[in-house]
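Visitor: Fold the following, please.
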Amino acid sequence: MKRTRLLALLAVLAMLVAACGGGDGDGTTTTAGGDDGGVDATTTTSGSTEPTDPPSGGGAGEGGPLLLLQWQAPSQANALLSTGTKDLLASSLVLEPLAEFDPTGGITPVLVDEIPSQENGGISEDLTQITWVLSEGLVWSDGSPVTADDAVFTWEYCSEETTGCSTDAFQTVVSVEATDDRTVVVTFDGPQPYPFVPFVGYTNPIISRAQFADCVGAAAVGCSDQNFQPIGTGPYMVTELRPEDTVLYELNPNYRKAGEGKPFFGSIELKGGGDAEASARSVLEIGEADYAWNLQVAPEILGPMEGAGNGVVLAGFNSSVEHLNLNQTNPDGDPPSDYSDGTNPNPYFFENEVLATALSMAINRQEMVDIAYGPTGEPTCNIWPVTGQVSTNNDWCLTQDIEGANAMLDEAGYMDTDGDGVRETPDGLPLDFEVVTSTNAVRQSEQDLIAVYWEQIGVATSMRNEDAGLFFDGTAASDASIWKFFTDIQLFTNSSSGPDPQGYLQGWTCEQIPESTNSWGGGNTTKLCNEEFDALHTELSGTALDDPARNDMVIQLNDLIVSYAVIPLVNRASVSAFANDIQGVGDLNGWDSEYWNIEDWTRG
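Guide: Below is the predicted model of the structure:
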């Protein structure tokens, strides 16, 4: 496949644009990870709808049904067993943390009245403890009291490795204690300059001891009733969950804000399936749905849809990076893609900076942005792209260099010895890779572009896409799951659940490697294990937030990840669509659940 393949791709996109006519398009699309969006030139990247109060005199639930579209359909509703955004969102309507992040990255109370600080005595002087005081009178949706012991249990649940918790929030926690019914004391193994990780954000909710007591350890995956219908404190309760299809919710009658007339909507249908373009059309053109998530849709297609006038597209940048994962373990090993204490290295990519760099040099990121994202994507060379902590050491990747990549491979002994156009490693293995991603028109266009780029440096590819519900299934029930990673290369997006990089970067430590022995729990999907990285991350964890060295450490950690385990491509905005009559959303929240304030949504 030569440059003509790219021209053909551009022609296909042009035909799609022509087919849109004045607003008609078709197509398809994470936390990982997850998955977030892309949008058109008319969209404001920090868009919002006007917040409004519920209609005066209205009672909770009087707004009738709300239809939410998540084309990556949820597999379950227990956030602690998934880092897939689709499941985390489904869970966030029910399970809540002690505090959450607002759209600016600030921390706001949920189940507490006050955020702990050193000034109010909630954070110890040596930064090794944080104390949370639960709001008075909290109850679960079944009417039973919420106590500090439930937070203790949540820690116990995730501290048992065989439970398979995907959150890494408790990695530095020594103990969680209930000093009384409302007081939770978290003790860390050392100073934590940013202690707002355990029990903060939609990835780290608390669960009920009474409901999950028999679901600790290996029993966790078999607790389908609990994982599908958790008892929570949020505005809604799950009444039915059909995996990879639909979740139905009803108003939580014991929700703490019911007396304020919240939530406005009495029931929710969260419908999965289909694809990103069909979801966008349902809101923006047809007007049959209220919300569509994760609109990773080419700008030439999404723009005319929004022009139909039935809805608005909102977007906001955070830390979401579309990237290639280079498997550090051998997918053909026994067992496949297990780290196995370092005894199962990938024959191509294990600590191979030369090959990773050459593959990265060959990619034209700006072209990828222009074709697939428009103004809601920015080329990036970093897995942590947040302003103030962005590495400039990898800026060479912003300019495609086919000649340089070929020269690098030549010098390293990657030659095409049989003249078939495909190089081999010095050991004789052909550079022929399967690149797997989710089924999505934008991602398939990215795959096509990558195939064109890499062909020019003697690297062959076969491109495969999997149903997003299976690819991002946090239960790892399917072999297509990103946590199993049974191929050499994966393409997807993940992002931080909060604005501080400490917890996010922890996801590349050795302890976070998912493998068969821990039920594929943990966020380190690349299976990277680097002693220098782990030691530096430990040092970061003990460095004050106002210490300039902290930013330098973040940059060093980023650079270690992208040296051979990850090829960053595009910093993506979160992009979703809302019907014009949905009010109270405010700014789109890129740091937490997009449903973080769903109790404030109204129709008007």
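Visitor: what's near enough to touch residue 234?
Guide: Listed by C-beta atoms under 8 Å, 6 or more residues apart in numbering, the contact set of residue 234 reads 92-96, 141, 252, 255. The C-beta positions use only the backbone N, C-alpha and C, and glycine is treated the same way.
Visitor: Now do the SS call for residue 238.
Guide: Here residue 238 is recorded as strand under DSSP: H, G, I helix; E, B strand; the rest coil.
Visitor: From what I see, it and residue 94 are in contact.
Guide: Yes. Counting by C-beta atoms under 8 Å, residue 238 sits close enough to residue 94 to count as a contact (6.0 Å).
Visitor: between the two, what contacts are shared?
Guide: 77, 230, 249.
Visitor: Could you let me know which of these ends up closest to residue 602?
Guide: Taking C-beta to C-beta as the measure, residue 602 sits nearest to residue 249 out of the shared contacts of residue 238 and residue 94, at 16.9 Å.
Visitor: hey, where'd the helices end up in the stretch 101-250 of the chain?
Guide: When assigned using DSSP state H, counting those that start in this stretch, the helices of the stretch 101-250 of the chain occupy the ranges 148-159, 209-212, 224-228.
Visitor: Could I get those in CSV, plus columns for mean pLDDT, mean neighbour count and distance to residue 297?
Guide: What follows is the helices of the stretch 101-250 of the chain, written out as CSV (pLDDT from 0 to 100; neighbours: other C-beta atoms under 10 Å; distance: least, C-beta to C-beta, whole Å):
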stretch, mean pLDDT, mean neighbour count, distance to residue 297
helix 148-159, 97, 22, 36
helix 209-212, 98, 18, 38
helix 224-228, 96, 17, 30
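Visitor: can I get these in a markdown table with distance to residue 523?
Guide: Formatted as a markdown table, these follow (distance: least, C-beta to C-beta, whole Å):
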| stretch | distance to residue 523 |
| --- | --- |
| helix 148-159 | 13 |
| helix 209-212 | 21 |
| helix 224-228 | 19 |
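Visitor: quick one: the helices in the stretch 251-400 of the chain?
Guide: For the stretch 251-400 of the chain, the helices defined by DSSP H, counting those that start in this stretch cover 276-281, 299-307, 353-361, 365-372.
Visitor: packing partners for the first one?
Guide: Secondary structure elements in contact with helix 276-281, counted by 3 or more C-beta pairs under 8 Å, 6 or more residues apart in numbering; DSSP states H and E, are strand 291-292, helix 299-307, helix 441-455.
Visitor: so where's this structure uncertain?
Guide: The chain contains residues with pLDDT under 70 at 1-58, 83.
Visitor: re the thing from before, ok, so of the shared contacts of residue 238 and residue 94, who is nearest residue 565?
Guide: Among those, residue 77 lies closest to residue 565 (C-beta to C-beta), at 31.1 Å.
Visitor: For that closest one, which residues are in contact?
Guide: By C-beta under 8 Å, 6+ apart, the neighbours of residue 77 are 87, 90-91, 94-95, 227-230, 238, 241, 247.
Visitor: These in strands, which ones?
Guide: Those of the contacts of residue 77 mapping onto strands are 238, 241, 247, per DSSP state E.
Visitor: Tabulate the residues you listed (CSV), appending neighbour count and distance to residue 171.
Guide: Shown next, in CSV, are the ones in strands among the contacts of residue 77 (neighbours: other C-beta atoms under 10 Å; distance: C-beta to C-beta, whole Å):
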residue, neighbour count, distance to residue 171
238, 24, 29
241, 20, 29
247, 30, 30
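Visitor: mind listing what residue 446 touches?
Guide: Under the criterion of C-beta under 8 Å, 6+ apart, the neighbours of residue 446 are 322, 368, 372, 437, 491, 569.
Visitor: oh, I was asking about residue 429
Guide: Contacts of residue 429 were listed using C-beta under 8 Å, 6+ apart, and they are 347-348.
Visitor: Please point out which parts of stretch 202-219 sit buried.
Guide: 202-209, 211-212, 215-216 (16 or more other C-beta atoms under 10 Å).
Visitor: May I see those residues arranged in CSV, with distance to residue 344 as well?
Guide: What follows is these, written out as CSV (distance: C-beta to C-beta, whole Å):
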residue, distance to residue 344
202, 34
203, 29
204, 31
205, 34
206, 36
207, 34
208, 39
209, 38
211, 38
212, 33
215, 30
216, 29
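Visitor: And stretch 190-203, end to end?
Guide: This stretch, stretch 190-203, spans 23 Å end to end (C-alpha to C-alpha, to the nearest Å).
Visitor: quick one: it to chain centroid distance?
Guide: Distance, stretch centre to chain centre, for stretch 190-203: 18 Å (C-alpha atoms, centre = their mean, to the nearest Å).
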